[in-house]
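Visitor: Give me a model of this one.
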Amino acid sequence: MQPVTEMEYAIQLLAKGYICVPLCAGSKHLDLQAMEYNPLHLQARRKDLKELAFRSIAFHLSQKPPTSDDIRRWFREFGGNVGILGGFSNLLILDFDNAADYLNWAGKHEALLRRTPIARSPKGFHVYLRTRDPMASSSLYSGMRRIGHVKALGGYVVSSPSVLKDGSSYSWLKEHSPFNVDPQPVESLASLSLRGVSPFKHCYDHMLNRGFFEPR
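Guide: Residues are numbered from 1 along each chain as shown. Got it, this is the predicted structure:
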């Protein structure tokens, strides 16, 4: 049976291995007050503080997930939007900015996409997968073109049943909600013919051996 309130929705998704977060009404922004954080960026009117708070809270929750009591407290009498956290249990969400780029990529991965959660966003699609190794949120590239975002550690996406101020909404594709199918495992972005950075930057970092460290 489908949940009928945001709280029920978030609790049922937690049982399925997803972390829901409250978003401001009509918005994509975390509702920090509902989550009992002090929204310092609103006092200072500084975008850098907002981005720092959102990334830090998303990363923290992926490593120390909320309990069902936390979720009930966040979503009690809640009237805003709902987000789903990336990174928890290596959840990877491919956020395609537009339908054309998604459909072009999807035509090469039909078998995978028949068995994994997929949502329609106002202009594109969200594809839910799980990776073997942890991943950080990043941009999403196909060839030389940036086509969206990777939402993993430090990131989240807006989820059904959210509605933005302009009336556009988010919805699960038929038979592709988390209540129908589980995120399919993938080896990496490369196994999907995708990248998290521009190919130019990837080659440059590899040449300079940047972005890695020796384990202790």
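
Visitor: looking at this, H60 is in a helix?
Guide: Yes. Applying DSSP: H, G, I helix; E, B strand; the rest coil, one finds H60 inside a helix.

Visitor: For it, report the pLDDT, please.
Guide: pLDDT for H60: 97.

Visitor: ok, it to E110 distance?
Guide: 37 Å (CB to CB, to the nearest Å). Glycine gets a C-beta too; all of them are placed from N, C-alpha and C.

Visitor: Please identify which of those two sits among more neighbours.
Guide: Neighbours were counted for H60 and for E110 using other CB atoms under 10 Å; H60 has more, 11 against 8.

Visitor: Could you count how many residues lie near the nearest residue to R195 once chain neighbours are set aside?
Guide: Nearest residue to R195, sequence neighbours excluded (CB to CB, 6 or more residues apart in numbering): Y141, at 4.3 Å. Y141 has 20 neighbours, counted by other CB under 10 Å.

Visitor: so what does whichever strand or helix holds Y141 touch, helix or strand wise?
Guide: In the assignment (DSSP states H and E), Y141 maps to strand 138-142. For strand 138-142, the elements it packs on are strand 91-96, helix 99-106, strand 145-151, judged by 3 or more CB pairs under 8 Å, 6 or more residues apart in numbering; DSSP states H and E.

Visitor: So which bits of the helix or strand harbouring Q43 are buried?
Guide: Assigned by DSSP H and E, Q43 belongs to helix 40-44. Under the neighbour-count criterion of 16 or more other CB atoms under 10 Å, helix 40-44 has H41 buried.

Visitor: By mean pLDDT, flag the weakest helix or strand of the chain.
Guide: Least confident helix or strand, the chain: helix 199-208 with a mean of 57, by mean pLDDT, DSSP states H and E.

Visitor: Quick one: classify P134 as helix, strand or coil.
Guide: coil.

Visitor: Then L129?
Guide: Classification of L129 using three-state DSSP returns strand.

Visitor: mind listing what it touches?
Guide: By CB atoms under 8 Å, 6 or more residues apart in numbering, the contact set of L129 is L91, L92, I93, L94, T116, P183, Q184, P185, V186.

Visitor: Mind giving me the ChimeraX command for buried ones among those residues?
Guide: To isolate the buried members of the contacts of L129 in ChimeraX, using 16+ other CB under 10 Å:
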select :91,92,93,94,116,183,184,186
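
Visitor: residues contacting the residue lying closest to V150 once chain neighbours are set aside?
Guide: Closest residue to V150 apart from its sequence neighbours, by CB to CB, 6+ apart: S138 at 4.7 Å. Contact analysis of S138 by CB under 8 Å, 6+ apart lists H149, V150, A152, G196, V197.

Visitor: what's across from R130 in the sheet?
Guide: L91, P185 (DSSP bridges).

Visitor: And for L14, the neighbour number?
Guide: Neighbours of L14 under the rule other CB under 10 Å: 18.

Visitor: cool, and D182?
Guide: 13.

Visitor: Cheers, nothing more for now.
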